[in-house]
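J.: quick one, what's the 3D model for this:
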Amino acid sequence: MQKSDVEFRTGDKGHMVSHDLKCWPEFYDAIVSGRKKHDLRRADDREFRVGDLVRLREFDPGELRYTGREKTVEVTYITRRDLPCALSDEALHPAFCILSIRLLEY
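T.: Just a heads-up that it's a prediction; the model follows:
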């Protein structure tokens, strides 16, 4: 994920933001099938909030291209280093967060 992966943003502080992110095929398939309800993401180049929408665009890293498949998920919870963690405050690198997500069906 890079800053250039963000194509659209809406809202100001306190409002929902939409993120446009690459998603590799094995992760995309697991999310779409409902098996994967979380996503580990860099958090040092954007600010995720509960309620944000994330458009996952399937990206084939071998072909270096988007496949054309995409789905939108809603962020329902965020685990990050600045929040207390059951394991320790060092269990998660500060540059990353774990997004709990809910697949949206349109």
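J.: show me what contacts Ile98?
T.: Going by CB atoms under 8 Å, 6 or more residues apart in numbering, Ile98 touches His38, Asp39, Leu40, Arg41, Ile78, Thr79, Arg80, Leu92. Bear in mind the C-beta positions are built from the backbone N, C-alpha and C, glycine included.
J.: again, only this time at 10 Å
T.: His38, Asp39, Leu40, Arg41, Ala43, Tyr77, Ile78, Thr79, Arg80, Leu92 (CB atoms under 10 Å, 6 or more residues apart in numbering).
J.: go on, Phe59?
T.: Contacts of Phe59 by CB under 10 Å, 6+ apart are 5, 21-25, 27-28, 65-67, 69-70.
J.: tell me how far it lies from Thr76.
T.: Here Phe59 is placed at a distance of 23 Å from Thr76 (CB to CB, to the nearest Å).
J.: mind listing the helices for this protein?
T.: 25-33 (DSSP state H).
J.: where does it dip in pLDDT?
T.: Low-confidence segments of the chain (pLDDT under 70): 1-15, 84-87.
J.: circling back to that earlier point, out of the contacts of Phe59, who's nearest Cys97?
T.: Ranked by distance to Cys97 (CB to CB), the contacts of Phe59 are led by Leu21 at 12.7 Å.
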